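>>> need a structure here:
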Amino acid sequence: YSATVASMITLSLTNAASPSHTPCASSPVATEPVATTATDDAMSPETLRIQEVASRLIRYRDHYDSEITFNQERVKDINEAIDRYQSEADANGSRSRAIQVLTASLADAQKCLDDASLARTRIDHELALWIPAKSAASDKQQS
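Numbering: from 1, shown residues only. Coordinates of the predicted model:
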């Protein structure tokens, strides 16, 4: 079998043995200040707050997009490794153990993918709540 599959199994075995391992990424933390421009002086505090929140939500959405992509690739790779091991003869049972570990890793990857997808959907809903408010605030300011 290839070095990639072997390293994946080693990683899976290592991760399965580590009780502190948390493969799902945590929520993104907003540590960067929101950039301001010269036109910010003319904007109301409400509009600035909406821009700040929308900017943060967009960063979160981008984070979850990358989490989704990462976990989709992870699920695909684990499925390929399982398929390889299942197609090969197993005289001593070691492949059976590897398949068990990979199956557990697959369940974990699918859970992480589901979590990231749900978080991405939640962020989209929050953005939908803030963006119309931004348009309404701009319309109100122009009147």
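
>>> looks like Ile82 contacts Thr103 (just checking).
Yes - the criterion here is C-beta atoms under 8 Å, and Ile82 meets it with Thr103 at 6.7 Å. Any C-beta I mention is one placed from the backbone N, CA and C, and that applies to glycine too.

>>> of these two, which one has the most company?
Ile82 (18 against 13; other C-beta atoms under 10 Å).

>>> residue contacts, the more buried one?
Ile82 is in contact with 99, 102-103, 106, counting by C-beta atoms under 8 Å, 6 or more residues apart in numbering.

>>> return a PyMOL selection command for the buried portion of those.
Per 16 or more other C-beta atoms under 10 Å, the buried members of the contacts of Ile82 correspond to this PyMOL selection:
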select buried, resi 99+102+106
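
>>> by pLDDT, give me the weakest of the contacts of Ile82.
Scanning the contacts of Ile82 for pLDDT, the low point is Ile99. It has 88.

>>> what's the burial count for the closest residue in space to that one that isn't next to it in sequence?
Closest residue to Ile99 apart from its sequence neighbours, by C-beta to C-beta, 6 or more residues apart in numbering: Tyr85 at 5.1 Å. The number of residues packed near Tyr85 is 19, by other C-beta under 10 Å.
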